[in-house]
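> following is a predicted model, sequence given first.
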Amino acid sequence: MQAFRRRYPSQQRQGAGCRSVGGLGGAVAELLVKECPVAVEMVGIADKFTETALDHDSLMDAYDCTKNEQYLQSALSSCNFVINDLNRTQKRKGLIFSYSPLDNMRVYNASLLGSRMLARAYSYSRNEKLLELARESVIACTDAQREDGSWLFGEDEVQNWVDSFHTGFNLESISEYQAYSGDTTFNENIRRGTTYYLNNFFLKNGIPKYYDNEIYPIDIHCPAQFVVTLSRLNKFSENIHLIDKVLVWTVENMQDKKEGYFYYQLKKTKSSKIPYIRWGQAWMLYGMSFYLLEKKKDEKNNGG
């Protein structure tokens with residue numbers, strides 16, 4: 001905070017506004033105004049399912065660590081956004097949640113994040129309605145899985161690609177749904193999806209591909225989510241050599257040698273080396289935290 005005061009002295013004197021947009025931005029703004037009072041301009045934005053699901057997960061984690069009931073109740077109440085605000089598309093089997101209340105997009109990873117969210121809430125509340133909705137979404141999304149184990153990004157004509165990290169999201173969410181619900185119906189979907197994921201998105205030299213049929217752009221989300229996905233699927237140890245190759249390649253080719261931050265994307269021509277906080281830095285730290293946890297787990301199991 002002293003560094004903030006030294007860097008922005010004019011904001012203290014003049015009371016310049018500090019803009020809060022919720023999430024990480026809101027948390028930073030709240031911390032700053034406590035230490036360095038300024039006027040705060042609150043900016044409302046249309047919520048998206050993926051944002052609510054991740055916030056819900058954080059609240060649940062906070063409850064698990066602290067047993068503070070306020071975190072749990074806030075997390076459970078956020079399920080009302082899924083139940084009451086999101087649109088639903090009924091499918092031949094099951095249903096798909098929309099990406100936000102303002103659209104009817106049928107994007108599999110977003111709907112599956114909802115299934116995971118509702119299943120985790122069910123594991124605390126035992127509200128059968130949450131479990132029923134979660135399962136209906138998983139049914140629809142697994143029914144859309146192709147014979148080779150892959151998923152298109154979504155159902156619109158412009159969403160007909162297959163990419164690495166959204167495949168990872170799908171597998172992680174289905175696995176977590178099963179863990180929280182006790183429903184193991186979808187083991188075969190996970191098996192086929194994992195086989196496709198491992199065989200089509202990571203080269204032997206460690207390059208993490210973006211698409212199943214094309215390498216570029218190489219996006220920092222791909223190696224980060226790779227570690228998370230295999231950890232969630234309990235496939236970390238058996239794939240440790242590939243994981244190490246991917247992370248070593250990523251550090252050598254996508255981490256800035258001077259500043260230490262990770263690049264956004266490498267492209268065939270001009271790459272984007274912008275140090276995005278959420279997309280790049282936070283996600284790589286998230287992925288590497290799973291790596292360290294898994295290594296500690298292995299050490300413990302091996303008597304280290």
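Sure thing, it's come through.
> low pLDDT regions in the stretch 1-150 of the chain?
Counting by pLDDT under 70, the low-confidence segments of the stretch 1-150 of the chain come to 1-54.
> that one: strands as residue ranges?
18-20, 40-42, 88-90, 95-97 (DSSP state E, counting those that start in this stretch).
> list the buried ones in the third one?
Meaning strand 88-90. By neighbour count on 16 or more other CB atoms under 10 Å, the buried set for strand 88-90 is R88. No exception for glycine: its C-beta is placed from N, CA and C like everyone else's.
> chain center to that strand: distance?
23 Å (CA atoms, centre = their mean, to the nearest Å).
> in its sheet, what does it sit against?
strand 95-97 (antiparallel) (DSSP bridges).
> T184 is in contact with Q178, isn't it?
Yes. Between T184 and Q178 there is a contact under CB atoms under 8 Å: 5.6 Å.
> and these two? Which one has more around it.
Remark: of T184 and Q178, Q178 carries more neighbours, 20 against 10, as counted by other CB atoms under 10 Å.
> V107 - nearest residue in space that isn't next to it in sequence?
The spatially closest residue to V107, leaving aside those adjacent along the chain, is G154, at 4.1 Å (CB to CB, 6 or more residues apart in numbering).
> what's the pLDDT at the one you found?
The model reports G154 with a pLDDT of 95.
> where does T184 sit: helix, strand or coil?
Of the three states, T184 takes coil under DSSP: H, G, I helix; E, B strand; the rest coil.
> what's near enough to touch it?
Under the criterion of CB atoms under 8 Å, 6 or more residues apart in numbering, the neighbours of T184 are Q178.
> I figured V228 hits L171, correct?
No. If you go by CB under 8 Å, V228 and L171 don't touch, sitting 10.1 Å apart.
> quick one, which of the two is more surrounded?
Applying other CB under 10 Å to V228 and L171 shows that L171 carries more neighbours, namely 27 against 21.
> leaving out sequence neighbours, find the closest residue to the more buried one.
Closest to L171 by CB to CB, 6+ apart is G193, at 5.0 Å.
> that neighbour falls within a helix, correct?
Yes. Counting by three-state DSSP, one finds G193 located in a helix.
> in contact with it: list those residues for me.
Going by CB under 8 Å, 6+ apart, G193 touches 145, 149-151, 167, 170-171, 174.
> from K209, how far out is the residue nearest to V107?
Between G154 and K209 the computed distance is 20 Å (CB to CB, to the nearest Å).
> also E69?
Distance from E69 to K209, by CB to CB: 44 Å.
> those two: which has the busier surroundings?
K209 (19 against 9).
> settle this for me: the more buried one is touching P223, isn't it.
No. K209 lies out of contact with P223 (CB under 8 Å); the separation is 10.4 Å.
> so what's Q255 scoring on pLDDT?
97.
> which parts of stretch 180-195 are buried?
For stretch 180-195, by 16+ other CB under 10 Å, it's 180-181, 186, 189-190, 192-194.
> endpoint to endpoint, it covers what distance?
End-to-end span of stretch 180-195 (CA to CA, to the nearest Å): 23 Å.
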